[in-house]
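K.L.:
Structure of the sequence below:
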Amino acid sequence: MLNVSEYIEINTQIRFGKPIVKGTRISVKDVLSWLANGMNSEEIISDFPELTKDKINACLFFAANQSEFYGIAS
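P.N.:
Numbering: from 1, shown residues only. Got it, this is the predicted structure:
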């Protein structure tokens with residue numbers, strides 16, 4: 001199972017506390033938007049080499065499970 005906290009963080013000092021990919025200023029929302037607009041993982045990584053397939057998958061996993069990440073019971 002993917003450990004999202006290895007790749008995603010929330011830091012109030014970066015991007016106004018939006019979830020970001022650790023070590024970058026790239027938000028989870030940015031990655032989801034690129035995917036929703038038809039970019040594939042390889043294209044995203046080509047444009048942003050600091051990302052990896054695992055980091056992109058962590059963004060997807062985070063979005064699908066954000067209530068669990070925030071400790072909110074479903």
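
K.L.:
Quick check: end-to-end length of stretch 15-26?
P.N.:
9 Å (Cα to Cα, to the nearest Å).

K.L.:
That one: which residues count as buried?
P.N.:
For stretch 15-26, a neighbour-count test (16 or more other Cβ atoms under 10 Å) marks Arg15, Pro19, Ile20, Val21, Ile26 as buried. (C-beta placed from N, C-alpha, C; glycine too.)

K.L.:
Averaged pLDDT, that stretch. What do you get?
P.N.:
Averaging pLDDT along stretch 15-26 gives 96.

K.L.:
How far off centre is that stretch?
P.N.:
Put simply, stretch 15-26 sits 8 Å off its chain's centre (Cα atoms, centre = their mean, to the nearest Å).

K.L.:
Tell me the one among the buried residues of stretch 15-26 nearest to Ala58.
P.N.:
Lowest distance from Ala58 to these (Cβ to Cβ) belongs to Val21, with 7.5 Å.

K.L.:
for that closest one, which residues make a bridge with it?
P.N.:
Ile8 (DSSP bridges).

K.L.:
what residues are up against it?
P.N.:
Tyr7, Ile8, Ser27, Val28, Val31, Glu50, Leu51, Lys55, Ala58, Cys59 (Cβ atoms under 8 Å, 6 or more residues apart in numbering).
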